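Novice: My questions are about this predicted structure, shown below with the sequence.
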Amino acid sequence: MTVEVTRSRDGLRLARLDLFFVELLRQIPVSADPADSDAARQRLYPGITADPQENEEWRTYVHPELAELFSGAGGIVREDLETFEQLDDTNDNWAFEIPADHFDQWLNVLNQARLSLAARFAFTEEEMAQSGPATIESTRDLSLFQVHFYGFLQECLLQDIGG
Amino acid sequence: MGNGDTTVEKESSTATELDIPWNVVVHNDPVNLMTYVTMVFQRVFGYSRERAQKHMLEVHQRGRSIVWTGVREPAESYVEQLHGYLLLATLEKAR
């Protein structure tokens, strides 16, 4: 499995993608949605202090703004994900470009996805410190691979941003 | 977790005596990338890369870092921004 990453003024281009990686990329907004997991929702929408009343107010006034921010970024990423190019007749040579002016939204949604998956599957610090699962034999393995692949994309974007 | 050794960023303010200073605390999580956390500290607080990295390493090594101290309203605004970047941040009364 290979992904070719090249940079230009216009953005970050991913090429030589096979259908497995195309599907992983298409899953980013799906994985970012915490709707089906209390653990993921709590991680994406944390409280502010140890005081339950203050946290209730935070939920009322701040969480809707966060939801709007996350949803806006998600919309941009979803639109970008409509632009895959199939470069030849094989299913092993798809390409895709993340526009430079969308890097912030991509970093945000990749982070939403990584945090949601990690919360859903309760990945350990040890699992996160490794470079990914040795084999993919379960949904949990696949999700851990997703978290690491999305982290790789974040690192590529951060290099361009200068972070 | 951190203790009295924690580095504290202070900012002058016009707080009255009734305004108890609040600490903005960022907590460690094993998911956020170190380079990402550094970038967020630079963006949100305007810290230099070195200062941002110092706080990032404190979060990573000690489990938490007090990244800003001051009056409540801006402290809340900082926590909201940090939550927007998906960092685990809370407010605590300064001691």
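Specialist: Sure, I can see it.

Novice: Pull out the buried positions in the host helix or strand of A:Leu158.
Specialist: Remark: A:Leu158 resides in helix A:139-161, with elements defined by DSSP states H and E. By neighbour count, with 16 or more other CB atoms under 10 Å in any protein chain shown as the criterion, the buried positions of helix A:139-161 are A:140, A:142-154, A:156-158. Backbone N, C-alpha and C define where each C-beta goes, glycine included.

Novice: Ok, stretch A:84-97 next?
Specialist: Under the neighbour-count criterion of 16+ other CB under 10 Å, stretch A:84-97 has A:84, A:94-97 buried.

Novice: May I ask you to confirm that A:Asp89 belongs to a helix?
Specialist: No: the assignment for A:Asp89 by DSSP: H, G, I helix; E, B strand; the rest coil gives coil, which leaves it out of any helix.

Novice: Look at it and report its pLDDT.
Specialist: A:Asp89 carries a pLDDT score of 84 in this model.

Novice: can you pull the contacts of it?
Specialist: When the contact criterion is CB atoms under 8 Å, 6 or more residues apart in numbering or on different chains, A:Asp89 has no partners at all.

Novice: Same check on A:Arg41?
Specialist: If a contact means CB under 8 Å, 6+ apart, then A:Arg41 has A:34-35 as its contacts.

Novice: for the helix holding A:Leu158, what is the average pLDDT?
Specialist: Across helix A:139-161, the average pLDDT comes to 93.

Novice: Does it reach chain B?
Specialist: Yes: applying CB under 8 Å from any CB of the partner chain, one finds helix A:139-161 touching chain B at A:147, A:151, A:154-155, A:158, A:161.

Novice: list the helices and strands that helix packs on?
Specialist: strand A:11-17, helix A:19-26, helix A:28-32, helix A:103-121, helix B:34-45 (3 or more CB pairs under 8 Å, 6 or more residues apart in numbering or on different chains; DSSP states H and E).

Novice: Most widely separated two among the buried residues of stretch A:84-97?
Specialist: Within the buried residues of stretch A:84-97, A:Trp94 and A:Glu97 form the most distant pair, 11.5 Å apart (CB to CB).

Novice: Tabulate the residues of helix A:139-161 next to chain B (JSON lines), appending distance to A:Ile76.
Specialist: Supplementary listing: those in JSON lines, determined by distance: CB to CB, whole Å:
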{"residue": "A:Val147", "distance to A:Ile76": "21"}
{"residue": "A:Gly151", "distance to A:Ile76": "20"}
{"residue": "A:Gln154", "distance to A:Ile76": "16"}
{"residue": "A:Glu155", "distance to A:Ile76": "20"}
{"residue": "A:Leu158", "distance to A:Ile76": "18"}
{"residue": "A:Ile161", "distance to A:Ile76": "16"}
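
Novice: center of chain A - which residue?
Specialist: Closest to where the C-alpha atoms of chain A average out (CA atoms, centre = their mean) is A:Leu110, at 2.2 Å.

Novice: Quick one, grab the pLDDT at the closest residue to chain A within chain B.
Specialist: Closest contact between chain B and chain A, by CB to the nearest CB, is at B:Met39 (3.2 Å). Note on B:Met39: pLDDT of 97.

Novice: is chain B contacted by the helix or strand bottoming out on mean pLDDT in chain A?
Specialist: Across the helices and strands of chain A, mean confidence by mean pLDDT, DSSP states H and E is lowest for helix A:125-129: a mean of 86. Yes: figure legend: helix A:125-129 in contact with chain B (CB under 8 Å from any CB); contacting residues A:125, A:128-129.

Novice: how about low-confidence regions in the chain?
Specialist: If you meant another chain, say so; for now it's chain A. Across chain A, the ranges flagged by pLDDT under 70 are A:1, A:162-163.

Novice: Let me rephrase: I mean chain B.
Specialist: Along chain B, the parts satisfying pLDDT under 70 run over B:1-18.
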